[in-house]
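K.L.:
fold the stuff below for me.
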Amino acid sequence: MSETILWDYPKSSASYRVRIALNLAGIDYRIETVNLLEKAHRSDAHLARNPQGLVPVLDIDGHRFTQSLAILEYLDTTRKMGLLPADPASRAKVQAAAHAIAVDLHPVCNLSVVGHATGGQDPARTDWMRHFIRPGLQAFEALIAEHDGAPFACGHTPGLADICLMPQLYNATRWGADYSDLPRINAVQTACAKLDAFKAAYPAD
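P.N.:
Modelled structure (predicted):
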């Protein structure tokens, strides 16, 4: 079997999601760091891996994949991880919560977007992040309210919504976006932080 390789940047939310999933699935993998700050993602070598010039890129099972949500779906399907419920209505609701972060919140907080919008300078950059992150987390809190009492975002085992949430909380902390008053999110963070798969995926300082 071919080696599993993850082209990754530690603080990339999308890469962080994939690290969590690989850990939850018990898949051994090797990380190749693509330094976004040094523009390594725009190199010819990386553009050959991913024409979008983004991370993550995952080589697994003889295939090469891009886009974190597509990668998570592949891992869930091939490794039977149970990241989404089987019931169609429940499945759609979990996907909606996950997408509220991964599809709506994360892209506007991408460094390339923020840099273009603010010139990459503070206080404009930090104000931008806080302006979008807190309302996004407030919406997520409301979306998972029906699962109040469950340790994870949408149930009793970690799933797609948790995998998308935790990297966003890392970013919220980095940029000083307050979520201390969101009890469900804080409970989910506590539950996830106890799991080795999440701990091992946490970005190195």
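
K.L.:
contacts, neighbours, all on C-alpha from now
P.N.:
Fine.

K.L.:
Tyr16: neighbour count?
P.N.:
When neighbours are counted by other Cα atoms under 10 Å, Tyr16 registers 26.

K.L.:
just say helix, strand or coil for it.
P.N.:
When classified by DSSP: H, G, I helix; E, B strand; the rest coil, Tyr16 comes out as helix.

K.L.:
quick check: it touching Pro203?
P.N.:
Yes: using Cα atoms under 8 Å, Tyr16 makes contact with Pro203 at a distance of 7.4 Å.

K.L.:
mutual contacts of those two, please.
P.N.:
Common contacts of Tyr16 and Pro203, defined by Cα atoms under 8 Å, 6 or more residues apart in numbering, comprise Pro10.

K.L.:
from one end of stretch 22-32 to the other, what's the distance?
P.N.:
The first and last residues of stretch 22-32 sit 15 Å apart, counting by Cα to Cα, to the nearest Å.

K.L.:
shift numbering so it begins at 52
P.N.:
Taking 52 as the first residue, the last one we looked at is stretch 73-83.

K.L.:
contact partners of it?
P.N.:
Residues from elsewhere that reach stretch 73-83 (Cα under 8 Å, 6+ apart): 54-59, 126, 130, 132, 248-249, 251-252.

K.L.:
list the contacts of the helix or strand hosting Ile122.
P.N.:
Using DSSP states H and E, Ile122 sits in helix 119-130. With contacts defined as Cα under 8 Å, 6+ apart, helix 119-130 is touched by 65-66, 68-69, 72-73, 76, 107, 109, 116, 132-134, 153, 211.

K.L.:
Glu89: which of the residues you listed is nearest?
P.N.:
Comparing the contacts of helix 119-130 against Glu89 with Cα to Cα places Pro107 closest, at 16.1 Å.

K.L.:
give the contact list for that closest one.
P.N.:
Applying Cα under 8 Å, 6+ apart, the residues near Pro107 are 57-60, 65-66, 69, 117-119.

K.L.:
closest to Pro102 out of those residues?
P.N.:
Nearest to Pro102 among the contacts of Pro107: Thr117, at 9.6 Å, using Cα to Cα.

K.L.:
show me the contacts for Pro218.
P.N.:
Here Pro218 is in contact with 64-65, 67-68 (Cα under 8 Å, 6+ apart).

K.L.:
if we use 7 Å, what do you get?
P.N.:
The neighbours of Pro218, taking Cα atoms under 7 Å, 6 or more residues apart in numbering as the test, are 64, 67-68.

K.L.:
can you give me the helices in this protein?
P.N.:
Here the chain has its helices, by DSSP state H, at 64-76, 95-100, 119-130, 139-150, 157-159, 162-169, 175-194, 211-226, 234-244, 247-252.

K.L.:
so which bits of the fifth one are buried?
P.N.:
Going back to what we said before, that points to helix 157-159. For helix 157-159, burial by neighbour count (16 or more other Cα atoms under 10 Å) applies to 157, 159.
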